[in-house]
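Q: A structural model of the following input is requested.
(one chain, ligands or ions: 1)
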Amino acid sequence: MAHDKTAEDPSAVIPLVETLGLGRRFGSTVALRDVDLRVLPGQSHALVGRNGAGKSTLVSLLTGLASPDTGEVRFGGEAAPSVADRDAWRSRVACVYQKSTVIPELTVAENLFVNRQPLTRFGAIDWRRLRAESRELMEQWDVHVDIDRQVRDLTVEDRQMVEIARALSFGARFIILDEPTAQLDSAEIDRLFERMRALQESGVTFLFISHHLQEVYEVCQEVTVLRDARWILTAPVADLGKAELVKAMTGEAADLGAGVTAPRVADDAPAVLELSAFTGDGFNPVDLTVRAGEVVGLAGSSGSGKVELAESLVGLRAAKGGTLLLDGRSYRTGDVPAALAAGVGCVPRDRHHQGLVPGLSIAENGSMTIAGRLGPAGVIAPRALAGHGERAIADLDIRAEGPSQPVDALSGGNQQKVVMARALATDPRLLVLINPTAGVDVKSKESLLGVIDRVRETGAAVIVISDELDDLRRCDRVVVLFHGDTVAEHAAGWRDQDLVASIEGITA
Ligand SMILES: Nc1ncnc2c1ncn2[C@@H]1O[C@H](COP(=O)(O)OP(=O)(O)OP(=O)(O)O)[C@@H](O)[C@H]1O
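A: Numbers count the residues shown, from 1 in each chain. Prediction:
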């Protein structure tokens, strides 16, 4: 049962990690206010909340990367070390972020012991010992990653395990996983959860941050909800239904949104996008027509070629052959400005590299693709810019102080929504969305998917590339790729098990 924070805790267990009255501001923004978190040893504890609720801020305080303005962090009942004492923090806690903190050019073994390599008595790096100790560490925690491989060649899944092993080698037994499943396909997620359970058995405690609430139910025992910078509740997962959890996150009754049950587009609607024998690196010849007002999903596991196909449509990759027509006209592939000019809007996979310009505001980032339209010679009238930014904030449910706020000051999910605003700004004829709801909270997903419907109603074509069944449920049909081949197509109304089977390459 959910307990309120003033209630007596019946258990006498000393929390492994505890925060008392934790608060933190950024200028006039209160990012965290009076937060009490209590994580018991040996548990997987979920931390959930809407975009901007304060999760990342809490993580930075729990890992000693920032100091609280009010309150304190305690480990095993003792005060946290001073912020300057990095080694002391490292021996208590580590966070595995979505963005890797390992060095891609080094091997796994080198990464495990970076800056603390064993030395020979002559002061040189003792490579033999380095490798032996790395191997021992990996064996001790049952991590099956080749220690001699360069980290750049590892999958996201293996890279995460290297980061976890490195944290454990510093002595930390409390590991924060910040949206660890965001870049994994369903088989990889299953393996991550298996590994989490095994590590939990060996005495590791996790704080698990995810916008995928079903994952919370699958792998966590307790959940803490933050809302608007405040602690809302902590409860055993088993006692809290999903609707109740969403209500705690949003402050209102949940409407978890239904999918499309049948295709909504007429067979004689004009073709907007036509691909014939369209080929590129990672995918074999594809024939696909997307009609005006149609939303087509592209599904497949990692390595299926779905992302490569999408990136070839939006100018991020050059195609190798076949034809590509948008409203009957072809455009150059591998050329973003050409795709943009042809009428293509895109939410790219990696918002850090392909997404936003740091330092610029929400309005500037959101309108970058239409600078010429908001004012003569690309000089944008401030009022037009602000108006555009305000509309984006309202349409996409962006949590921000206003359109002139720099994107750097936004939470991750809110940044993602600015990328979406930019893709929509051109009124595209073809909108290509790659994992558009990654990092976006459960309620914002609804606004975002609602926007897709509005675009569809303008007669544009929409392609959604996603690993999320909930996103794909909004599509009129879903095309499945497997090892570069288009292997199946499912009209709206498909059953989960059928789609998942074709994603896994199982044919009926
Ligand atoms: N460097 C910063 N400067 C100004 N404001 C900031 C900064 N970092 C965070 N904030 C603000 O603090 C609040 C909490 O943000 P935080 O990143 O902790 O949210 P979050 O729960 O992690 O969200 P998400 O799910 O989108 O990642 C937000 O209003 C955000 O705009």
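Q: Please count neighbours and contacts with C-alpha atoms only from this point.
A: Will do.
Q: Strands of the stretch 301-450 of the chain, residue ranges please.
A: Applying DSSP state E, counting those that start in this stretch to the stretch 301-450 of the chain gives strands spanning 321-326, 329-330, 344-347, 430-434.
Q: actually the stretch 1-150 of the chain, not the one I wrote
A: All strands of the stretch 1-150 of the chain, identified by DSSP E, counting those that start in this stretch, fall at 17-26, 29-39, 44-48, 70-75, 78-79, 93-96.
Q: Could you list the buried residues of the second one?
A: Looking back up the chat, that one is strand 29-39. 31, 32, 33, 34, 35, 36, 37, 38, 39 (16 or more other CA atoms under 10 Å).
Q: how about low-confidence regions in the stretch 201-350 of the chain?
A: For the stretch 201-350 of the chain, applying pLDDT under 70 flags the ranges 253-258.
Q: what do you get for the stretch 351-500 of the chain?
A: Low-confidence segments of the stretch 351-500 of the chain (pLDDT under 70): 351-355, 370-381.
Q: quick one: the helices in it?
A: Counting by DSSP state H, counting those that start in this stretch, the segments of the stretch 351-500 of the chain that form helices are 351-354, 362-367, 371-374, 382-396, 412-425, 442-457, 469-472, 496-503.
Q: what residues does the last one touch?
A: Right, the one you point to is helix 496-503. For helix 496-503, the surrounding residues in contact (CA atoms under 8 Å, 6 or more residues apart in numbering) are 299, 300, 301, 469, 480, 481, 482, 487, 488, 490, 507.
Q: The ligand contacts on the protein?
A: Residues of the chain lying close to the ligand by CA under 6 Å from any ligand atom are 26, 31, 49-57, 409-414.
Q: mind running it again at 8 Å?
A: 25-27, 29-32, 48-59, 211, 226, 229, 399-401, 408-415, 439-441 (CA under 8 Å from any ligand atom).
Q: Next, the angle strand 430-434 makes with the helix or strand containing residue 278.
A: In this structure, residue 278 sits in strand 271-280 according to DSSP states H and E. Interaxial angle, strand 271-280 versus strand 430-434 (axes from the mean of the first three to the mean of the last three CA atoms, to 10 degrees): 50 degrees.
Q: Quick one: the helices of the stretch 351-500 of the chain as TSV, columns for distance to residue 172 and mean neighbour count too.
A: Below are the helices of the stretch 351-500 of the chain laid out as TSV (distance: least, CA to CA, whole Å; neighbours: other CA atoms under 10 Å):
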stretch	distance to residue 172	mean neighbour count
helix 351-354	29	12
helix 362-367	38	29
helix 371-374	49	16
helix 382-396	39	18
helix 412-425	26	24
helix 442-457	31	18
helix 469-472	35	18
helix 496-503	37	16
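Q: Out of these, which gets nearest to residue 246?
A: When the helices of the stretch 351-500 of the chain are compared by CA to CA, helix 442-457 sits nearest residue 246, at 7.7 Å.
Q: which residues touch the closest one?
A: The contact list for helix 442-457 (CA under 8 Å, 6+ apart) reads 50, 211-212, 246, 250, 256-257, 292-295, 395-397, 417, 427, 437, 462, 471, 474.
Q: let's go with 7 Å and repeat that
A: With CA atoms under 7 Å, 6 or more residues apart in numbering as the contact definition, helix 442-457 has outside contacts at 211, 257, 293, 294, 295, 396, 397, 437, 462.
Q: go on, stretch 214-226?
A: Taking CA under 7 Å, 6+ apart as the rule, stretch 214-226 contacts 43-49, 53-54, 193, 231-237, 248-249.
Q: Let's see the PyMOL selection covering just the buried ones among those.
A: In PyMOL syntax, the buried subset of those is picked out as below (16+ other CA under 10 Å):
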select buried, resi 43+44+45+46+47+48+49+53+54+193+231+232+233+234+235+236+237+248+249
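Q: The contacts of stretch 214-226 in helices, which ones?
A: 193, 248, 249 (DSSP state H).
Q: how about the nearest residue to the last one, chain neighbours excluded?
A: Spelled out, it's residue 249. Nearest residue to residue 249 in three dimensions, chain neighbours excluded: residue 49, at 5.3 Å (CA to CA, 6 or more residues apart in numbering).
Q: Please verify my assumption that residue 277 contacts residue 288.
A: No - at 8.8 Å, residue 277 does not count as touching residue 288 under the criterion of CA atoms under 7 Å.
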